[in-house]
Structures are given as structure tokens and as C-alpha cells.
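> can you look at this prediction? I've put the sequence above it.
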Amino acid sequence: MIPVLTPDEMAGVDRQATEPVDVLIGRAGAAVARRAAALLNGAYHRRVIVVTGKGNNGADGRTAASLLAQRGAHVQVLEAADLKPGQALEPADLVIDAAYGTGLQRAYLPPSARSPVLAVDIPSGLNGSTGQVPEGGGAMAAVATVTFASWKPGLLFGAGPGLAGAVELADIGLRPLVDVTARCWLVEDADVGQLLPRRLREAHKWQSAVQVVAGSPGMTGAPWLVSRSAMRAGAGYVRLSMPGVSPSVLPPGELVHLPVPGSGWHQKVTGDIGRVKALVVGPGLGPMAHEEADRGAGGALPGGEVGLLLVGAPVPAVVDADGLNALGTLEALATIVSRRTEPTVITPHDGELTRLAGHPPGPDRLAAARQAAARSGAIVLLKGSTTVVAAPDGRALMSATGDSRLATAGTGDVLSGMVGAFIARGAPAFEAAALAAHVHGRAAQTGHAEGLVASDLPDLVAAWLSAQRGR
């Protein structure tokens with residue numbers, strides 16, 4: 001996993017550094033010069049413009065400029081403060097943006113460049129925490145960014161991924177301090193193989209069994225997607241209960257049904273849940289879940305039958321969609337979580353978290369997920385192109401594999417089934433949620449660029465996991 005530090009955390013690391021600033025700047029500048037030379041296919045006789053500011057970011061750029069000049073490049077250094085807002089730069093083979101780093105708090109209107117741009121640490125003008133560009137400001141779109149010691153959230157959120165280009169992480173000698181400081185990490189492909197347990201040679205189906213409670217009359221697509229994705233993500237046994245719905249509405253196959261009535265269903269599910277390793281509840285429960293919650297089916301317990309099921313289920317649980325709507329608020333969820341003995345994972349999109357928290361997540365998505373986890377006591381998976389998974393203790397994991405292919409109905413149901421399956425396979429709930437989000441995105445990337453639908457995903461997930469196992 002790659003450490004991700006906020007600008008404030010990175011500033012703290014810089015203050016604790018035992019090596020002189022000039023040494024760190026020398027390493028950073030050298031990393032920028034190497035990346036520039038690679039982009040140029042050699043520096044000799046190449047024309048390079050370096051835009052520099054007054055801080056360490058500018059010093060990194062000036063060091064890179066000196067090193068490129070030593071390699072035969074024609075280098076022009078321009079001070080950002082001397083340029084007019086939006087001033088057009090002369091043609092060059094490469095522009096190095098070393099104007100301002102992650103600490104910039106005001107709007108910045110950068111010069112305009114038709115040449116390829118290499119950003120130093122972060123594109124100047126981009127908020128290092130949120131990836132937002134302040135109103136009235138801008139940032140030059142880079143083909144590549146060299147960032148130092150850790151990733152910054154601004155490279156992963158908002159406009160960041162589009163403006164940063166290909167990001168290279170350069171170690172300038174601060175890694176031990178970063179490792180001590182980091183409370184957030186970016187998931188990589190290799191982490192899936194290292195953290196997701198495989199079935200043992202003598203395993204049996206119940207060792208990775210998942211119970212799904214989803215669906216309602218007229219809403220049977222969601223439970224099918226949840227269940228099928230759990231099977232394709234490695235669950236050895238998936239048992240589905242659809243309140244008030246006959247199992248005959250779904251096609252025959254490997255899925256096992258535990259029929260339950262339209263009301264009082266939590267009793268039958270909890271009465272026979274001891275053999276499974278994870279529970280997924282919520283998708284497709286529809287108005288039924290809301291009505292039960294409104295009627296106070298749980299008495300003093302919030303969430304109606306969803307709340308009763310969670311409190312009565314001594315297994316890790318994943319709550320999504322209508323399950324979240326039934327619970328209503330983060331405080332109601334906290335009441336439920338406080339009475340559970342196993343982890344609870346919630347998987348809201350922005351609209352669902354807005355209802356739970358009482359306000360929108362806002363631009364700082366990392367902070368929003370952490371706050372929701374602290375308020376509720378649950379592990380919060382906040383969906384997005386960059387998904388954040390936050391634990392109540394402040395730790396966070398990110399997955400940046402999502403893209404527009406996942407913006408279609410039902411993909412969230414697939415994800416909740418995957419989280420349940422990964423937990424059932426033995427991954428801790430916090431890690432399981434982040435690994436599932438990462439694999440979810442990676443699998444989608446192997447599917448149709450246009451017209452991908454949620455039912456495509458389970459098979460793509462199995463294929464991607466199988467390919468990783470062969471490496």
C-alpha cells in the first residue's frame with residue numbers, strides 16, 4: 001500500500017526531518033530532472049521552461065533546472081510572481097510547474113502552456129486535500145507529476161486525477177517518518193494477493209459462507225446481483241432471503257434460498273445465521289424496510305427489522321442501500337453498532353451519506369468518511385471514482401480504480417456482495433471493504449468501455465482475481 005498524507009501531515013513530516021533541507025531539495029530536484037529527461041527522451045538540446053515559486057517547491061524546480069542544464073538542455077527559469085495571470089509561455093519541449101505546492105490556500109491563475117507539463121509534487125493551484133481548484137483560479141494540466149514521500153489526497157480527488165497525469169512517487173529519504181505518520185494508504189494490485197486469503201486445500205463451503213437479506217416484491221434484481229457477485233468473489237456458499245418473495249422468481253443455480261415472510265423475517269434469519277461468516281443486508285428491500293422502521297418494529301431499537309437483524313447477528317455485517325435508509329441517521333447506526341459484537345460495514349454513495357449525516361460529504365471526502373465512521377462506530381465505505389474506506393479509529397484506505405463504467409444501476413449491489421465475500425474468506429472487515437472496492441474497479445476496467453452493465457461484473461471479478469492468482 002502507498003501512504004497518503006494530507007498537506008498538514010506532510011508539513012509535520014518535513015518539520016521532523018533530521019537531514020538538512022538542502023539535502024532533501026537536492027533529492028527532490030534530482031527526481032524531477034530524471035522524470036523530465038525520461039519525458040524528453042534525453043535532455044540534450046531540449047528547450048525546458050521551469051516556473052518556480054519562493055518556497056521549497058520552487059527550490060525543487062531550480063535544482064531540476066540546474067541538473068537538466070548540466071545535461072545539455074536549454075533551460076529558462078521564470079519566477080511565478082513575475083508572470084501575469086494566464087500569461088502565455090513561449091513554445092518549449094517541456095514546462096516544469098514548480099510554482100506552488102500543497103500549502104497554497106488562494107486561487108492561482110497559472111501561465112498558459114501549449115507544451116507538455118511536468119508538475120512538481122502537485123499541479124500548482126490544486127488543493128492538496130480535496131483536489132478542488134478554487135473559484136477564479138486554475139492549474140496547468142500535467143502529463144506527469146513527481147510527488148515526494150507520499151501521495152497527497154488532492155491527487156486522488158476532484159480535478160486531481162485529470163490534472164496530475166501519471167503520478168510518480170519519489171522517496172527523498174523521509175519514508176521512515178511517513179510510515180510513522182501515515183493514517184491513510186492507497187490500495188495497489190499486489191495488496192489483493194497479500195491480504196485476501198485463499199481457500200485452504202481442505203476447505204469446505206461453510207468456511208466462507210455468506211447470508212444475503214435483500215429484495216422485496218418487484219425488486220429481485222438487487223438480491224440476484226449481490227448473491228452472484230458474492231459467489232464469484234469467492235464465497236463458498238451464499239444463502240439468500242428475500243422478505244415476502246418466493247425463491248422461484250430467480251433462475252435455478254448454485255444459490256441457496258432461505259424463504260422468509262414479509263414481516264418478522266429477522267427472526268428466521270437470526271435463528272439460523274450461526275454457520276455463515278458474513279451478512280449482507282439492504283439492497284432491494286425497498287419501501288418495506290422503511291415502513292418497518294417507521295412502525296418501530298424494533299421498539300426502542302432504530303431501523304426496524306434491519307436493526308433487529310443486525311443486533312441479533314453475531315457475524316460481520318455489510319449494510320447498503322435500503323438497509324441504510326431504514327437506519328436513518330449515523331446516530332441510529334451508532335446505537336445498533338454499540339450492541340453488536342462484530343464489525344459493521346456501511347457502503348453509502350454521496351446521497352445516502354448525506355441522509356445519514358444530515359449534510360453532504362463536501363469536497364474533503366477523506367474527512368467526511370472519517371467523521372462518519374467516528375460518529376457511527378461503523379466502517380464507512382464512501383463510494384466514488386476514488387473510494388474511501390474509513391475506520392472509527394481514523395485509519396483510512398483508498399481505492400482509485402473506479403471509472404465511469406461503474407456509473408450504472410446495480411454496480412453498488414455487486415460491490416456489497418464482494419465485501420461480504422471477502423470478509424467471509426477471512427479478510428478483516430476494514431481491509432476487505434477496500435480490497436473489494438479496488439477489485440470492483442479493476443474488474444470493470446477489463447469490461448466493455450461502453451455499455452457495461454452490473455450483471456457483467458461478477459464474471460469479470462472472477463476473471464481478474466484468477467489472473468492475479470496466476471502471477
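Perfect, I can see it now.

> so how far is stretch 192-203 from its chain's centroid?
23 Å (CA atoms, centre = their mean, to the nearest Å).

> what residue ranges in the stretch 201-350 of the chain score low on pLDDT?
Judged by pLDDT under 70, the stretch 201-350 of the chain has its weakly predicted residues at 288-299.

> what about the helices in it?
In chain order, the stretch 201-350 of the chain shows helices spanning 221-232, 265-271, 287-294, 304-312, 322-327, 330-337, 350-357, with DSSP state H, counting those that start in this stretch as the criterion.

> state the helix or strand in which V75 lies.
For V75, the enclosing helix or strand under DSSP states H and E is strand 74-79.

> please export the C-alpha coordinates of that strand as CSV.
Listed next in CSV are the C-alpha coordinates belonging to strand 74-79 (Å, rounded to 0.1, in the frame of the first residue of the first chain):
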residue,chain,number,x,y,z
HIS,A,74,18.4,24.9,-22.8
VAL,A,75,16.6,25.9,-19.6
GLN,A,76,14.7,29.1,-18.8
VAL,A,77,13.7,29.7,-15.2
LEU,A,78,10.7,32.0,-14.7
GLU,A,79,9.5,33.3,-11.4
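
> closest one to R175 among the helices of the stretch 201-350 of the chain?
Comparison of these against R175 by CB to CB identifies helix 350-357 as nearest, at 33.3 Å. In short, each C-beta sits where N, CA and C put it, glycine included.

> buried stuff in the closest one?
E352, L353, R355, L356, A357 (16 or more other CB atoms under 10 Å).

> in contact with the third one, which residues?
Think R355. Taking CB atoms under 8 Å, 6 or more residues apart in numbering, we find R355 in contact with L324, N325, G328, T329.

> swap in G328?
Contacts for G328 were tallied using CB under 8 Å, 6+ apart; they are A293, P302, G303, R355, L356.

> phi, psi for it please.
Reported as degrees, to the nearest 10, the phi and psi values for G328 are phi 90, psi -60.

> would you map the helices across the stretch 1-150 of the chain?
7-16, 21-40, 56-70.

> okay, the ones you listed, which one's buried deepest?
Ranked by mean neighbour count under mean count of other CB atoms under 10 Å, the helices of the stretch 1-150 of the chain are led by helix 56-70, which reaches a mean of 22.

> dump it to PDB, restricted to CA.
Listed next in PDB are the C-alpha coordinates belonging to helix 56-70 (Å, rounded to 0.1, in the frame of the first residue of the first chain):
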ATOM      1  CA  ASN A  56      10.600  24.500  -1.300                       C
ATOM      2  CA  ASN A  57       8.500  23.700  -4.400                       C
ATOM      3  CA  GLY A  58      10.300  26.400  -6.300                       C
ATOM      4  CA  ALA A  59      13.700  25.300  -4.900                       C
ATOM      5  CA  ASP A  60      13.000  21.800  -6.200                       C
ATOM      6  CA  GLY A  61      12.300  23.200  -9.600                       C
ATOM      7  CA  ARG A  62      15.500  25.300  -9.600                       C
ATOM      8  CA  THR A  63      17.600  22.300  -8.700                       C
ATOM      9  CA  ALA A  64      16.000  20.300 -11.500                       C
ATOM     10  CA  ALA A  65      16.700  23.200 -13.900                       C
ATOM     11  CA  SER A  66      20.400  23.200 -12.900                       C
ATOM     12  CA  LEU A  67      20.700  19.400 -13.400                       C
ATOM     13  CA  LEU A  68      19.000  19.500 -16.800                       C
ATOM     14  CA  ALA A  69      21.200  22.300 -17.900                       C
ATOM     15  CA  GLN A  70      24.200  20.200 -17.000                       C
END
